[in-house]
Every structure is written in structure tokens, then in C-alpha cells.
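A.B. asks: Attaching a predicted model along with its sequence, questions to come.
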Amino acid sequence: MAFQLTPVWFIALPLLVAFAAPLWVRLGLLMSMLFATPLVLFGLAVSLFPAVGDAPLLETIVIAPPLGIHLHLDSASLLMVALFNLAGVLFASFLWLGDTEPHLRGRGPFVLILLLITGCTGLVLTGDLFNLYVFLEIAGVSAYALSALRRDKTALEAGLKYLIIGSVAAIFILLAIVLLYLETGQLNLAALARDFGDIPAAMQGLIGLLLLVGLGVKAELFPFNVWVPDIYRGSDPAVTSLFSGILVKAFLFVLFHLVFLLLADPAVARAWLMALGALTMLVAELVALRQQDMRRMLAYSSLGQVGLITLALGFASEATTAGALFHMVNHTLVKMLLFFVAALMLRRFLSLRLADLRGVGHAMPVATALFVLGSLAVLGLPPLSGFVSKLCILKGFAEAQAFWPIALILLAALIEAGYYFRWIKVFYDSDPAAPQCRSDDGPAYLPLVLIAGLLLLLGVAPFLIEDWFVQAARALLGRGTILESVLGVQS
Amino acid sequence: MLEFLDSPRVLHGIYILGSLTLFFIGLYGLLAKRHLLKALIGIAVMELSVYLLFIALATSPGETAPILADGLIDFTGMADPIPQALTLTAIVIGMAVLALGVSLAIQYHRLTGNSDMRAMTELKDS
Amino acid sequence: MHAIVDSLAMIGISYVMGFLFYGFYRQFNARVQRRWGPSLWQNFFDNMKFLLKTETLTHGPMFFLGPMIIAAGAITTVLFVPFLKDSDWLQGFSEHGNLILIIYLLVVGPLGNALAVGSSGNPFGVMGVTRGLTRLMGLEVPFFLGLALVMLQHETTSVHAIMAAQDGLAQWNLFTNPIAFIVILLPFIASQNASPFDVVGAPVEVYAGPRVEFGGRLLGLLMTQNMMMTVAKLVLVVDLFMGGAGNVPILILKAFSLFLLTASISLVFPRLKTEQTVDFFWKVPLGLGVLGVIATVWLPWGA
Amino acid sequence: MSLMIKILFLAVSLSPALTLSTWGESLAWPLFGGIELLFDLNPISAFFLLLLALGAPLVALPMLRGAPDRPAYALYALLLLGMQLLLLAGDFIGFFVGWEIMTWSSYLLLLRSSRTDLEGAQSYILFNLASAFLLLAGILVFHSLTGDFRIQAIDQLGGPEPLALAVLFGLAFLIKVGTLPLHLWVPRAYDQAPDIFSAFLSALMSKMGVYGLILLATLFPEALSGLLGRLLNGPAAGYILAWIGVITSIVATFKAISQEDMKRLLAYSSIAQVGYITTAIGVGSSLAIGGALFQALVHTLVKLLLFITVAGIILQTGRRRFNDLGHLIDRMPISFLAVLIGIIGLAGMPPLPGFAAKYLIFVSLIDARWLLLLAAMLLSSTAAFIYCYKLIYAPFLGHANSPEAKTATEAPWPYLVPQVILMGLLVALGIFPGFGIQFLIDPVLTALGLAPIGAPSWGELATPYGGYDGVVLMTVFGTAFALVTGGFFLLRGRMRRAGSPYDLSYAGEVPTADTPLHYGAGMGRELRRIPLIGWILLHTTTGFLTGLTRQSLAAAGLLGGFYGRNPQTWILLAVLLFALALTLVTLTGGAL
Amino acid sequence: MYHKSECEGFQCEQRMLEESLGQENAQTGLVDRLVGWLRQRSLFVLAYGTGCGAIEMRPLMTSRFDAERFGIIGAPTPRQADVLVISGYLALKTLKRVIRSYEQMQEPKYVIALGSCAINGGMYWDSYNTIKQLDHYLPVDMYINGCMPRPEALIEGFAALQKKIGRGEPSGFKRYRENIDWYKANQRRVLGENMPPDYTYDWYHAGGVA
């Protein structure tokens, strides 16, 4: 039997690698496996793009859908999988090269990180509602544990808080799943999509709200995102990059995947989601103005970007969706860059408070320069990739003659500039008290520079991977295609 | 005398009521109690209420457990097996989460001597 | 050759007219004050005395160059104002210039001199210069606005063309555009540094102002250029509002009558403070000018 | 090594000149999804590129002094890249890309100064980003109107979109040029930027706003008249723009007079000068645009000259306030000459080219019959004499007021070379205004579809309203000056140089070093007693902006209250919202 | 009180006047005469009232006596003035300023001593802080006697000065320059520490060119 490239490997491989951890420890290959696994999967994902462009790949486990469990790999989910694995590669290389603290290098974190990636991959791949719940909990548990990894007061507090709020969200989602099953007798997403219209309107509303609250908490939408700054503040900055880079993206994807799939006419939810997105964006950006701790600031900035993506995805036109997917990729890269810089600074200065980082630009020129680059990309300034994705979104709105989101997005970007540039200014303050000795530990910067290069490349030549996003947007919005590919195969 | 309880509507109504009650008890525990373990118990109770709802509503009175026993070839009259399978899975997952939560809570208590949720203010800023 | 003779003639005429007019002014002033007053030639004597001083103090090269710049500016101004209408003579280089250029040339010299005053290091002088510039700021706006009304009326900035358009007495801009003349009249007096707008050189208050450090021949040069500049301004207004002049006697007559008018006004009013001056110019002549603009441009019967 | 870097840097600074001289085919760069960046050189952008090509190496030269500042060099190269992109762009996306690169790289350059404070840096970047985002919004409106990003006139003029487009673009560019209520960042940035870089900011970056304004005019058929119709003899939309420009220049002029710091004074003067350009663009006729371009050219040269000179003074003395300087004329003669030429150009005095620019603008205002604007513009242009005088008096004349000013020496050669070049250019352009018209201005006017002004000879500036001859003017003035000076020496008697700077007529008193003789910073203070000026100087827009900042911070604090620290609050919030939404949904009949 | 040298008080002045009178017959050229004629028509008087005599200057300048008809007019600063009128008693404090003003005037310049106080101390002959004889400290070109002299006398004095100028006679400023050491010694004797700084008169020693 020839080795088959099937979606199941995206889930199976990291799981296998994760559970073989003792072996890697013995062989001394722990870090290299952590690095190699997502790298292999990333390569696999990239190689699958052409194939998936033609028709989605379905991997059936046990029985064919809608009865059985299946994995659904279309352009959109493949894009997310590739993104998660790329983030995994970058994260692993940062851990590997960066000589990070021991609590990030043991067997526990190894397993947890792979599990997190698995969970997120599963979230976007699964075609089954209950599987979704399972992967959601896998991702959740590994995230709670990762958050508390450092085992000190702040980390434990963050982990506990995360666990509590995450569990409550999971209960909401579980309830929604239960109700859905009770109403339709289906768990397969495609079949659910077919039958969802038949449910009574009041029940539709209840289920929708349950899902909205549950996924809203997970995907960090205002006003359900009040927990985010605390968790980001308490966790290790490097780990936080995973939360902001992978976890949120997976949940956002799930939220919109469900919305686009279940609702025959997404216009119903458009107003809700766009309003939530706009609120999330504006509130987060405003609150970020006053933050004194870099992790908190980045957390709010992350929320702001989530709001922007929600706003764009909620509009549900092809252009904005493609732009939003592109923006997801950019945001993952940027936030990883910024949180890595934060990790490096934290290690050097033992604090990430604004007042303690005065003049850091003279002590850590490369790190600060990378921070500046990341900020520019977050703000969507050319020639970095953030600009292209934002432009894509804005152009989508303009083509649809919707001008109020444009105004809000630009206003939010202006507010965002207000705090990012305040930090940059303080970084470059000439403070005689600031440590003057320059030290840049070389290899740790490698993944950072790689990210920066990617940001620049995508900003200058986005046409290289433009097709991916367009196809992904089509796949995400193409409810009919999904129904046909899943149910049509079965019939 | 209690015949009417056998009608699915009534039975389901009672189950719904019961699980809702359980849900709100859990929620109350989560919102009103400050002890970490009590909060975790609250979460567990809420989860339980959902399981209960699921199992109860997916089963009508008179249906048997969906177990393939020897010689059983007639599948009618059996309860829908999927909810039960799913609930089992969910219970396992819930267990894991709870265990993680409790272990974190214990570690937190050991480290700080504190188990009051509202006293967790280490992360305050700005 | 023609140009050289012409230029020398213009310089000569403006100088002679200048000291005679100023002599007249002083006598006129004395008569108003029931005095006998000096002779008509008194200004000539004063000027000569300064030019013949044997000692002149300077405060450095810029101090020396200032009076040279102002004198050269005055000569340039004179040469760019056409003295006569329809004549080859007394034209200078006026066909290469225009009204706006002349207005700016009028301030070239004073600004050059201001450098010299600053260079002297005397704070009173600089105070005087500041006052002068402030007054300039006040007077220039209505002055230029009045002239702009004339330029708009004739749709040109060329003094020649404006002069040529005023054929007879009835076509004088004084009569066709009286509001413009009224607007520029008081700023014109101020630009001559005459009372009541002469606080710039208040002798007691700021110790003669810009001229505080100048003595000897440098002061003589300043007096010379002042007389020439006065004549240039008078001739300019004659050109613009009184139809120019065909020959020198007419020119003197017209310029003298204008001078008489301005002298009569300046004799009977007491001195204003700088800020009063500016405020006055921005209220009364400028207000009149705005009314004039509304009347000529905005209202339907305007062109 | 450092020499190599310096040479490389100098070569980079010559890149605009290289682009200008060797640009051939147009270039296209496919960005994504139907957006293609087009780059081409047209006469309008060539004019502004010429300014850049001229200014960039002259600013780079003083930056070479001392040890190489590599980040600054890199950022400067980026800045030049951005500006060239902006100028060459044939579509708005390329324009925007260049605009943004320019914005952030200049911001980072601004941070290289140790004087930059948080407020200044923030106001710089926020104003400029606001400008950029307004521009982007305008671009999107443009896109929705035409379905394309290519810079072209829009044909459909109905509906609110064209007006919105004009307002958005207008605001964006007006922020960049620093017109009145939006000028707040200008003095701070020009004041706090590295001394040399201020020259670049004022001379070249503000011109990008001017370029934008001219571009805006090309978007509408018949320029600005296409927008709101005509008023008197000019475009009605332009009338508003012109008043904005004039009020800006009046207020900025009075603010400049009251400044006590050289660079702040220059900053306000820059605002005022660019205000004239705005006015002229508002008039929109051939003469006016010609005047605007000429003024842009002159202002570039003058501000380069003045800022570089002032940078030299600051370098040599370490002082920047008028009160701390004085009497540098003997110690820094070339700098003195540079400032002298600079202020003559700034004040628009003949025979320097500033006058030619003003002449064109004045004539165009008369031609448009906008005389009230003319009066207002004249007010600011005569008031400018006062700050010009202050600028040369306080540092160079009067009395040395600090130990540094007493011992300073002439600026080093990297500062002097640009000064000498710029002085030469200014004088040459003043003598030959016709040359500038014929070879620099007319191609742009033709490209804009306006009638070229034309020049009978190099020395002559000719308009339908008359003109003047720079060569004759200069000859007459020069001859008169030579004759007067020569004649002066023919008179009998001798000159005596004062034995001491304190040898003054001082009412019989002998002033000493303690006597306050230098009238530097105080100059212009008494202008406050004039009601209009007093009113202007009393009012600032700072209060509004600090208020805005305070309000948004307060809002941030208020909203930050949501993000509490207690998990129970979070859950309660979620549950309550859920209940609320559920009630809503139920009440509205289940519709989501 | 005074240091007695070979001459005293008015005698010194007399001797100096006689010396210059001796040169009266020296031929002056045509140009010098023309220049003198032009100069005499215009005298700018430094408006510096040192003592009670200043009150007599007002009627002289105003309508009743109208000195302007002789070309005599006030000047605000010493740089512009030709004539310094010492109007009455001269306190030591004022002397310093008078000397300073005189040295700031541009040559040719003239000094008129007005009233007996300026000539010989007058009623202040034994005052401790006025000078007794102005001509010890500044070269006087014209003395106008009286206490106080009336404006008519002043006019006559000015007229005499104008005649003197018109003849092209050498006047006090040359004397001051030639005898600078003597004048400075006298000034220093009464002013002591209060002498103006060196730069105010250094150039006299260098032949009048600083």
C-alpha cells in the first residue's frame, strides 16, 4: 500500500509524536521532533494546495458521512492547517534556538504544544459537531496547562482563570450541540446545514446564541473577551504567541465555518457579527491606550485585530473574506514576532512594564527594530503584509459601497497607532539610566528575522499566494459546495 | 397513579426542569462561591446538567439500553446509542478538565496559601 | 547713453523736488504754528551738512552697507517709476517693472537699513525698526488693496498702462475710482513716515528709533534717499490717480498739490501709538477697502 | 569602512536625481487581485522629483559629519524610496504605499533626535497617519466611483461621493501641508527633529502635500471648478481652499513672530509659506498654479538653506533660543549671508525669486477678482517681514548673549557647501525668473491642461497683467549700489569703527555687559496689544487636542473597567448578556 | 581745591582763544569756505538740559523766538547733533554724561557754554559737586553770559557761532583732539573712579581712528 497523503495525518502524526515523548527524551530528539513534526505537516499542507483547489478531500473514519465521523479538508481549512503548522515551526525553532527557560523545554510542554496544534487542526478539519467539541476540549486543556506552565503565582492564576472561563464556554457549546442533535438527530455538519432550516425559529435563536456565547468566549469577541488580558499577562509571552497566533484563529474559523454553513442566508447573522466585530475592535483599541504592560497591550491589540477579522468575515463577501483570511495569517505571524520580542525583553529586563523598558532600543537594537517592524505590520502600513490584507478587506467593503466599516477600521487603526507608537517612542528614549551594553543573542533572532522576512515578502509580493486566499474564501463561503461534496458523495 | 409520568412529554418536561435546576445550581455555585474548588464543583454540576439533559431527552420511556446482547437482532425499541456514547466521551473530557483544574488549584493553594477566587489579583495592571 | 542721462535726470529731479517739498513742508508747518520757519532750502543745507561731516562712526560692515542698500533701493525705486506720460524722457527702466514690483521696492531699502540698525546693537534702534515693520504691516494691507482696486479696474499691473488709460480729467482714477484713492490716502501718509503715524522715530521715546546710531555722512545718505523716496511715492500716486503728467512743471504741480493735501492732513493730527496705528489701518481704511471691493466686485453692478 | 558607508549614503541620496535623469519606460508591479502598481514619470511628478533630487543630497551632506549614523542613513534611504514611489506612482495604491513609507520612516528618523518628547512624536505620527488614513478612505471612495485605482479624472460628478472624495483627499493633504486647525504637529516636529532633518521635513515633505493637492485638482474635470461651480472669476471650491490657506498663513505668521526659538519660528513660517501655495492652488488658474509651483520651488530652496544654516548655528553654539545668541555676524559670516539671502527669499522681496512667486499669486488673485483674499494674503506677507527680521537680527546682529555665542566659529564645511549652492541657486533664479517659468513651470502647466505662462527671455517674467525683468532690476540695483558706495568714499572725512560693541548712544550712559541690550526674544511682543493679533496669539488648538486625548484616555479607562480581574464577573457578564439576547430574540419572534 | 598749574581758570581759556585767534588770518581755501557756508546754515542741537538754563531753550525753539528760521533745531541723539549746549551748572554726575555725549558726536562739533555757572561756577562757586569751569573739561566754542541769558542772547550766541563756522575757523573739537591728555587729566581729577571706560576715548590717542 502506497503511503497516502490524507488529512488524517494532520491529526494523527502530532498525536503519535506527542505520545511517544518518552522515546524522544531518551533519544535526545525532543526539540528536533517538536520542530520537525509541524515542519513536515506544513510541507504536506503546502503540497496539498493544488489538489485541494480542485475538490475538497474527505477522510472518512469508520462509516461514511453523515453517520460516521469524517475530516473535511478544503482550501479554507487547509490554509488554517498550514498556518497552524507554520506557527508551530516558528514556535519550536524559537524554543530550540532561543535557549529559553527550562519549563518550556521539558517533556510536558512538548506534549502540550503538539496537542494544542492537534486540537486546533482538528477543530478546523472536522466535519462532525461532536468531534468539534472533543478537539475544542483538547485544545482547551492543553492551552490551560500551557498557560500555567511556569508554575508560579501569576502563571497558575492565569491557568486557573483560563480553565474556569474556558470550561463555562465549553458547557455553552456542548449545550448547543446537544440541542442541535435533539432537534435534528444529526451531528454531521453538512447534514446539519441541510436540516438547520427546519428547526423552529425560537430554537434556532437559542442555539445560535449559545454558540455565539460559547465560541465568542473562545474566539475573544467583545463582550465575552474580558478574560483575555489577564491570561495573556499571566502566561509566558512565548506561549501567549500560540494563543494569539493559533488558538484564536481556530475558534474564529470554527465560528464562521458554522455560521456560513448552518445559515442558508448569512445576512441574518451579518449584523450581529459585524456589530460584535466593530465593538471588539474599537473597545480593545481604546482600552489598549492606557496599558502599561507590554503583554496586556499586545493582548488588547490582538483583540482589536480579532475584531477586525470578525468585521470582515461577518460581511461575508468574497473579497473581505479573502482579506480576512490573509489578515489572519498576517496577524499570526506578527503576533508571534511581537510576543517573541516580548519574551526576549522579559528575559533581559525581568519586566515588561513601559517604565522599565525605557531606552531599550539602545540596549537591544535588533529586538526593538523587529518590534517596530511588527508594529508597522499590525498597523497595516506598507510595504508590510498587514497593509495588503487590510487593503484587501477595505477594498471589499468599498466595492460593496459599505463605508461605515471602512471608517471604523481606519479609526481603530489610528487609535492603535496611538499606543504602538507610544511604546516605540519610549523604547527609543535616550535615558542615561538605561543599560547601555548591547547584547543580542544571535540564534534566537533567527525565527524572528524569518517572520520579518515573511511579512516583508507577503507585503511586497502578495500575488505569490493570493490564490490560496481566494480559494479559501470561496470554500469558506461555498455552502453549496460543501453540502454537495459531503452529501453528494454519500448518496 | 403516576402513569402520566410515562408520557414522553411529561417525562421530558421533568428532565428539562431538573437539568435546568442543576444548571442553575452549578451556575450559582460558580458565581456566588469564592472558593476555587467550589467553583470547579459548580462547573462540574453544570456539565452534569447538560449530560443529563442530553441522555434524558434522547431517550423515550420504554426504550432499552442500546447494547448488543446475545441473540438480539431487533434494533427497534432501543434508545439512540449516539447520545450515550457522546455523553461518555464528554464525561471523560470533563473529568480531565476537572482534574487539571483541581491540580492547578491545589498547586496554587500550596504556593500562595490562598484559595479565594476573588483574591487572585496577581495579574492586575495599569 | 539715453538711459544714463535719463536716470541721472530722474535722480536729480527727485532730489531737488524732495528737498524743496520738505522745505516747503517745514515752512508750512511753521506758519501753522505761527512761526516764521526756515527757508525752502533748509533741507538741502541740513543734508549737505551731514554729507560734509568729517567724522563718521560705523559699527561694522553691515552697519555701513545698510545706508548703501537703502540709497540704492531708493534710486532703483525712482528709476522704476515713470515720471512722465507719453514721453521718452524721465522713464528710467519703468517698462521693465510694474506696480507690484514698485510697492515691494519701496520696502527693500528700509529692510536693508533695518539690518544696519540691528548691526549697531542699539536696542532703541531695533525697537524703532520693529515699530516700523509693525506699521508697515498695518499700512500695507489697505494701501495694496486700494492699488489692487486700480489694478483690477484696468486689468493690468503696468503703471504705464494705467497712466495711459486716464486721458482727461474725467478719466482720472481719482474721480473714476475715488474709493481707492480714499483707501490709500492715509496709508500713503504713513508710508511717508509723516505725522500722525511717525511714532517709529519718536525722539524721546525710542531715541530717534532706527536712526539712533547713524550720524555723519551715513545719516546724510539716509536723508537723501528719504527725500527721493518721498518724491517717488508722490509721483507714483500722481501716475496712478491723477493721470500722470506730460511735462515736468505739470508733474511738479500735481505732485505738489498732492503733497499739500497730505501735509495738511498730517499737520493737524497728533501722533498715534504703533498699535493704534495698525488697529486704525485695519479698521478704517481697510474697512473702506472691503466696502470698495464689495461694491466693485461682489455687487451685481460691479464688473 | 565608515568612509565607504558615507560614500554609499551619498550615492543613495543622489538616487532621485538618477531616477529623474534615467527614467524610461513605465513600470508595473502586480500587487494582488487586480491591483497593479503603475510607476511612471509625468511632468507634474518630474517637477516635484526635481525638488527632491535637489534637496536630498544637500540634506545628506551635513548628515555625513562625524561617525556614520547607520540607522539614520538607512531610514533616510527608505524615506527617499518612499517619496520616489509616491511621486512616480500612476495609481493611488502606489501613491499610498509611498506616502506611508515616507510617513513612518520619517517618524523613525524623528526619534533619532534626543530632543523629541512623547508629545511631539505622538502628534507627528498620529496627524500624519490620520492624513494617510483619510487618504486611504478617499482612495476607496475613488475606487467605488471609478472601479479602478488609476489616477484619472472622474467623469461622474453627481451624488455625494465626489464631494466626499474631495473632502477626504483635501483633509489628508491639508494635514500634510499643515493648514490651520491641523497644523499642530508641524511646529513640534520641525522643532524636535534632528536639526538637519528639519530641513528635509519642511522643504521637501511638506511639498508632497502640495503635490497631493495639485493631484486632487486633476481628479475633477476643469479642476476645482468642476466640483462646486464658479465664484467670481475662479472656482468656488477653490475659494474655500484659498481662504483656508490664507487664514493659515496669517495665523502662522503671527505665531512665528511670537516664537522664541529659531526652529519653531522657521516651522511656523513654513506653515505660512505653504499656506500661500494652498491659496494659489485654490485659485486654480494658470497663473496661480504657476505661482504655486514657483513658490514651492522657492520655499524648498529657502527652507533648505535656512534650516541647514540654523542647524549649523545650533551645532556650533549649542543654543537655539533667540535670547541666547547674538552678534554672530563676525564669527559666522557665511551663515549670516545664507540667512540674509534666505530671509529675502522668504519675505518675497525683489530681486530674489520669492518675489516672482508672490507676483504670480497676487496677479492671479486679481485676475480671479478675489481681492479680499489678496488683502488677507498681503497682511501675512508683510507681517512676515517682522519674523524675517527677527530671524536675522537675533542670532547675527545685536549683542552676543551667551558665552557660546561669544566664542562660536563658522560652521563646518558639510554645512557650508549646501548653503553656498543654495544661495547661488536662489540668486540665479531671482535674476532669471523667466528661466524657471519656461523650463520648470510651463511643462507642468501644459501637463495639467493649463495655458503655459511663457517667458520672452530668461530674465523676464511676463503675464497678461504685465511683468518685470529680473536682469534689468538686478543691474539697476547693483549699479546704484556700486555708485552710491563709490560716491560715498569720494566724500571727505574718515570713517571710524566703534571701539566696542557697547559704544552706543545710550542717553549719555555707558552700557555694560549686564545691560539688557539684545532685543531678541522680546521682539514682536508688543504686537499683542493690537487686538487682532492679541486674539490670535491667545487662542490655540492645543487645548482641543489635549482635551481629545484626555477624553479618549478617560473612555479607555471606563471601558477598561469591563476587563475586570474576577472570573466570576466575566461569567456573570456572559450569562447576563446571553439572557438579555435570548429575551430579545424571543421577543422578536426567534429571528436572529 | 584746584591743582594750580601755569595758568588758572579763565586765563587758560583766554590763552587758548588767543592762540586760535592768531590763526584767524590763515588762508582757508574756497572749498573750505563753501563747506563752512553750508555747515553754518544747519545746526542740530543736542537736546540735553543739564541745568536751569534748559528752560531758556524752550522759548528759543518754539514759536516766539523760532530758532528754526536760523536752521537751529533739536536733535535727539548725540550721533546726529552738531552743537552741545551746556545749559547752566554742571554737576559731576552730569559731567560724565556730558563728556560721553560730546565724544559721541561726530565732528565737526561745537560746544556752547550757557550762563555764568558753566563759565566760572557762578553762584555755585563753592559747591562741592559742581564743576566750576567747563573749559577745563570740554573745549568751548562760544560762551553766552548771563544768569540766565535770555533767548535773545542765545540767538546772538548762535549767530556768532554760525559766523565762526562760516569763516571756516578751526573750532573746539580740534583743540580737544590735540590736547586730549590735558582734558582727560582734568576729567580724571574730578571724576576719579567714575571715568567712562577706556574705549570711549582711546581712539583720540590713536589719531582719531579707532
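C.D. replies: Yep, it's here.
A.B. asks: right, and residue E:154 touches residue E:144 too?
C.D. replies: Yes - Residue E:154 lies in contact with residue E:144 (CB atoms under 8 Å); the separation is 6.1 Å. Yep, even glycine has a C-beta here, placed from its N, CA and C like the rest.
A.B. asks: joint contacts of these two?
C.D. replies: Counting by CB atoms under 8 Å, 6 or more residues apart in numbering or on different chains, the residues touching both residue E:154 and residue E:144 are residue E:114.
A.B. asks: domains of chain D?
C.D. replies: D:2-478, D:540-587 (automatic domain parsing).
A.B. asks: Reformat the ones you listed as JSON lines; add distance to chain E and mean pLDDT.
C.D. replies: Shown next, in JSON lines, are the domains of chain D (distance: least, CB to the nearest CB, whole Å; pLDDT from 0 to 100):
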{"stretch": "domain D:2-478", "distance to chain E": "15", "mean pLDDT": "90"}
{"stretch": "domain D:540-587", "distance to chain E": "40", "mean pLDDT": "86"}
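A.B. asks: mind checking which of those is nearest residue E:108?
C.D. replies: With CB to CB as the criterion, residue E:108 lies closest to domain D:2-478 of the domains of chain D, at 30.1 Å.
A.B. asks: gap between the two ends of the closest one?
C.D. replies: 46 Å (CA to CA, to the nearest Å).
A.B. asks: so where's chain B uncertain?
C.D. replies: B:1-2, B:67-77, B:125-126 (pLDDT under 70).
A.B. asks: In the stretch 151-300 of chain D, which residue sits nearest chain C?
C.D. replies: Of all residues in the stretch 151-300 of chain D, the one sitting closest to chain C is residue D:232 (6.5 Å; CB to the nearest CB).
A.B. asks: cool, and the stretch 201-350 of chain D?
C.D. replies: residue D:350 (5.3 Å).
A.B. asks: Just the element for the residue lying closest to that residue once chain neighbours are set aside, please.
C.D. replies: Leaving aside its sequence neighbours, residue D:350 sits nearest to residue C:104 (CB to CB, 6 or more residues apart in numbering or on different chains; 5.3 Å). If you go by DSSP states H and E, residue C:104 is part of helix C:99-120.
A.B. asks: on that earlier part again, what is the burial count for the residue of the stretch 201-350 of chain D closest to chain C?
C.D. replies: 29 (other CB atoms under 10 Å in any protein chain shown).
A.B. asks: That one and residue C:108 touch, don't they?
C.D. replies: Yes - with contacts counted by CB under 8 Å, residue D:350 reaches residue C:108, the gap being 6.7 Å.
A.B. asks: Which residue, other than its chain neighbours, is closest to the residue of the stretch 151-300 of chain D closest to chain C?
C.D. replies: residue D:369 (4.4 Å).
A.B. asks: Likewise for residue E:79?
C.D. replies: residue C:215 (3.3 Å).
A.B. asks: tell me the contacts of residue C:88?
C.D. replies: Residue C:88 is in contact with residue C:2, counting by CB under 8 Å, 6+ apart.
A.B. asks: and it, backbone torsions?
C.D. replies: Main-chain dihedrals, residue C:88, degrees, to the nearest 10: phi -80, psi -20.
A.B. asks: before we move on, what about the one 3 residues further on?
C.D. replies: Its backbone dihedrals place residue C:91 at phi -100, psi -20, with angles given as degrees, to the nearest 10.
A.B. asks: do the same with residue A:152
C.D. replies: Dihedral angles for residue A:152 - degrees, to the nearest 10 - are phi -110, psi -180.
A.B. asks: residues near the residue of the stretch 151-300 of chain D closest to chain C, how many?
C.D. replies: Residue D:232 - counted by other CB under 10 Å - has 14 other residues nearby.
A.B. asks: if I read this right, it contacts residue D:366, doesn't it?
C.D. replies: No - using CB under 8 Å, residue D:232 is not in contact with residue D:366, being 11.2 Å away.
A.B. asks: remind me which residues of the chain are low pLDDT?
C.D. replies: Picked chain A for this. Using pLDDT under 70, chain A drops low at A:1-5, A:62-68, A:99-100, A:431-441, A:488-491.
A.B. asks: other chain: chain C
C.D. replies: Within chain C, the ranges that satisfy pLDDT under 70 run C:301-303.
A.B. asks: For it, which residue gets nearest to chain A?
C.D. replies: Going by CB to the nearest CB, chain A is nearest to residue C:118 of chain C, at 36.8 Å.
A.B. asks: Closest to the centroid, which residue in the chain?
C.D. replies: Unless you meant another one, I'm taking chain A. residue A:249 (2.6 Å; CA atoms, centre = their mean).
A.B. asks: State the distance from the nearest residue to it once chain neighbours are set aside to chain B.
C.D. replies: Residue nearest to residue A:249 in three dimensions, not counting chain neighbours: residue A:328, with 5.2 Å by CB to CB, 6+ apart. From residue A:328 across to chain B, the span is 27 Å (CB to the nearest CB, to the nearest Å).
A.B. asks: Show the subsequent helix or strand relative to the particular helix or strand that has residue A:328 in it.
C.D. replies: Here residue A:328, judged by DSSP H and E, is contained in helix A:318-349. Using DSSP H and E, the helix or strand that directly follows helix A:318-349 along the chain is helix A:360-363.
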